[in-house]
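Participant: predicted model and sequence follow; I will ask about them next.
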Amino acid sequence: MPQNQQILLDNRPTGEATASNFKLVTSETPALADGQVLVRHHYMSLDPYMRGRMNDAKSYAQPQPLGQVMQGGTVGEVVESRNAKYAVGDKVVGFGGWQEFSVVNGDMVGALRKVDTTHVPLSHYLGAVGMPGVTAWYGLVKIIDAKPGQTVVVSAATGAVGSAFGALAKARGLRAVGIAGGPDKCKYATDELGFDACIDYREHKDAASLSKALKAACPDGIDGYFENVGGMVLDAVLSRMNAFGRIALCGMIAGYDGQPLPMSYPQLILTNRLKIQGFIVSEHMEVWPEALKELGMLVGTGKLRPRETIAQGLAAAPEAFLGLLKGKNFGKQLVKLI
């Protein structure tokens with residue numbers, strides 16, 4: 001069995017996460033038992049939610065245990081199998097974590113999913129046609145539920161979730177406005193993703209300034225908002241929401257270092273009778289087949305052209321992850337392991 005490089009969570013961050021929170025080790029891969037498969041990871045996913053799990057704090061998921069492999073999504077290839085459902089060479093999506101190989105019980109529901117790479121590249125199953133894409137789909141379809149002609153806005157618009165949200169919104173006949181960091185990202189949002197407009201939040205020093213830009217981009221107000229950021233961005237959007245608007249609350253990356261994120265005008269929730277719903281996409285597995293089918297069609301037909309930022313090698317994962325938290329990535333952040 002092969003040697004397996006792994007990255008563990010060595011200690012918990014105080015304030016900002018740092019590379020010293022992680023530890024690179026090499027371990028022996030155990031021999032397979034009946035029903036198990038050995039997966040060689042080709043790519044692993046880096047996602048903002050991982051920062052919250054590094055803390056030992058109450059949340060919707062258990063904290064990442066210290067001294068264990070950092071958890072996260074992976075795609076790869078079956079290289080050995082003692083399970084009749086999986087053959088050597090099968091391409092699979094799983095939750096193998098920050099390591100080169102994983103031993104998986106192939107009979108465990110949801111542990112592995114075989115995927116077809118004929119029209120969709122393997123790496124996209126960690127982004128547009130994976131958990132981030134389904135996250136965008138659920139927020140748009142099940143919570144925001146906008147009607148053709150209405151206006152929706154998404155923060156972190158060029159990330160894995162935001163880019164899928166934009167493509168899905170345009171496919172439903174909506175006006176889609178993005179908020180992103182930097183002119184290159186905004187150009188990509190409008191030119192390649194099809195957003196009707198994109199606002200560079202870095203050009204605005206406060207919520208009032210950003211709110212003015214939103215007014216210009218959304219002359220009929222905002223009917224639905226998909227929140228990934230929080231803080232100043234949320235304050236600005238709240239000031240432009242239409243009555244009975246819906247907000248799908250998916251992430252609060254501005255507060256992942258543990259600092260409080262106060263809202264400047266929470267009374268707007270009452271004034272505009274807004275519906276705000278937080279959600280965790282793993283709690284809604286019943287929608288995944290429908291969502292993945294639509295997302296796969298969008299990618300396969302070129303209506304969704306996801307961007308990826310790819311770090312090379314497992315050892316590069318911590319710095320790539322820290323960069324993701326500061327918005328240095330362009331599109332989905334991955335680590336290539338082969």
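Facilitator: Received, thanks. Numbers count the residues shown, from 1 in each chain.

Participant: quick one: the helices in the protein, in order.
Facilitator: 49-53, 131-138, 160-171, 183-191, 207-217, 232-238, 267-271, 288-300, 317-325 (DSSP state H).

Participant: just those helices: most buried one?
Facilitator: Highest mean neighbour count of the helices of the chain: helix 160-171, a mean of 27 (counted as mean count of other CB atoms under 10 Å). (C-beta placed from N, C-alpha, C; glycine too.)

Participant: and that one with helix 288-300, angle?
Facilitator: Interaxial angle, helix 160-171 versus helix 288-300 (axes from the mean of the first three to the mean of the last three CA atoms, to 10 degrees): 80 degrees.

Participant: residues in contact with helix 160-171?
Facilitator: 47, 127-128, 132-133, 135-137, 139-141, 146, 152, 154-157, 176, 178, 180, 189, 193-195, 226, 228, 250-251, 294-295, 298, 303-304, 306-307, 331-333 (CB atoms under 8 Å, 6 or more residues apart in numbering).

Participant: which among those end up buried?
Facilitator: 47, 127-128, 132-133, 135-137, 139-141, 146, 152, 154-157, 176, 178, 180, 189, 193-195, 226, 228, 250-251, 294-295, 298, 304, 306-307, 331-333 (16 or more other CB atoms under 10 Å).

Participant: residues contacting the nearest residue to Glu227 once chain neighbours are set aside?
Facilitator: Leaving aside its chain neighbours, Glu227 sits nearest to Leu249 (4.9 Å; criterion: CB to CB, 6 or more residues apart in numbering). Shown in contact with Leu249 (CB under 8 Å, 6+ apart): 227, 276-279.

Participant: return the member of these nearest to Gly73.
Facilitator: Within the contacts of Leu249, distances to Gly73 taken as CB to CB reach their minimum at Phe279, with 18.0 Å.

Participant: any idea which helix or strand of the chain has the worst average confidence?
Facilitator: helix 49-53 (a mean of 90; mean pLDDT, DSSP states H and E).

Participant: residue contacts, the closest residue to Thr158 other than its chain neighbours?
Facilitator: Excluding the flanking residues, the one nearest Thr158 by CB to CB, 6+ apart is Lys185, at 4.4 Å. Going by CB under 8 Å, 6+ apart, Lys185 touches 157-158, 198, 200, 330.

Participant: from Ile247, how far out is Lys185?
Facilitator: Distance from Lys185 to Ile247, counting by CB to CB, to the nearest Å: 22 Å.

Participant: got it, and Asp56?
Facilitator: For Asp56, the distance to Ile247 - CB to CB - is 29 Å.

Participant: the two - which one has more neighbours?
Facilitator: Using other CB atoms under 10 Å as the criterion, Asp56 and Ile247 rank with Ile247 on top: 24 against 12.

Participant: so how far is Leu234 from the more buried one?
Facilitator: 8 Å.

Participant: name the residues contacting each of these two.
Facilitator: Glu227.

Participant: low-scoring stretches of the stretch 151-300 of the chain, by residue?
Facilitator: Scanning the stretch 151-300 of the chain for pLDDT under 70 picks out the ranges 256-258.

Participant: and stretch 16-33, which residues are buried?
Facilitator: 17, 21-22, 29, 32.

Participant: name the nearest of those relative to Gly96.
Facilitator: Nearest to Gly96 among these, with distances taken as CB to CB, is Thr29, at 12.0 Å.

Participant: the closest one against Gln3, yeah?
Facilitator: Yes: with contact defined as CB atoms under 8 Å, Thr29 reaches Gln3; the gap is 7.2 Å.

Participant: all set, thanks.
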